[in-house]
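Visitor: Please find the sequence and the predicted model below.
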Amino acid sequence: MTSLRPSERGEGKIGCFISLLVLLLAAAVAFKIVPVMFADSSLVSTAEDLGSRAGVLSVGSLEQQLRAKAVELEIPEALPKGAMSFTVMGDRSSGTCVVRLNFKRKIDFYGMYTFDLDVDKTISRPYMDAR
């Protein structure tokens, strides 16, 4: 049987090269952004946990623990005054703790582009004294 297109071999070098380039670009972007988003998510999760313990701990202790977690996660943008705040409403037996996280992180994509990632979360957690 003879082929109708003898000069066509079915190779797609350009398409393969472009696909590989897109894949490498996506991996390079993920390499920069995923650790930052993971650290931010861990800080928010810690803030939620601490807000639930507001009946047992003082506001100063809650702030100190959240600052320690920000230092551990290497988030210096969360350390200035006003970036994190705790508000406790109610008495020591029960109430609500509101944690506010408001800071901006810069992600540098290999010196070619800088992206600002805003963390603006308000977490409201009820608490009860567990004593």
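Guide: Right, received. Where do you want to start? Just so we're clear, the structure is a prediction, and the values are computed from it rather than from any experiment.
Visitor: Note down every partner strand of the lowest-mean-pLDDT helix or strand in the chain and its orientation.
Guide: Lowest mean confidence among the helices and strands of the chain (mean pLDDT, DSSP states H and E): strand 84-90, at a mean of 87. Applying DSSP bridges, strand 84-90 is found paired with strand 94-109 (antiparallel).
Visitor: ok, back up a step: ok, residues contacting the least confident helix or strand of the chain?
Guide: Residues outside strand 84-90 that contact it (Cβ atoms under 8 Å, 6 or more residues apart in numbering) are 47, 51, 54, 59, 62-63, 66-67, 70, 78, 95-103, 127. Where you see a C-beta, it was placed from the backbone N, CA and C, and this is true even at glycine.
Visitor: how much space is there between the residue lying closest to residue 94 once chain neighbours are set aside and residue 100?
Guide: Spatial nearest neighbour of residue 94, chain neighbours left out: residue 128 (4.9 Å); criterion: Cβ to Cβ, 6 or more residues apart in numbering. To residue 100, residue 128 is 22 Å away according to Cβ to Cβ, to the nearest Å.
Visitor: And residue 44, by the same measure?
Guide: Taken as Cβ to Cβ, the span from residue 44 to residue 100 is 11 Å.
Visitor: Now the common contact residues for the two.
Guide: Common neighbours of residue 44 and residue 100, using Cβ under 8 Å, 6+ apart, are 121, 123.
Visitor: Any buried residues in the helix or strand where residue 41 lies, and which?
Guide: Here residue 41 sits within helix 13-52, counting by DSSP states H and E. Buried residues in helix 13-52, counted by 16 or more other Cβ atoms under 10 Å: 36, 39, 40, 43, 46, 47, 50, 51.
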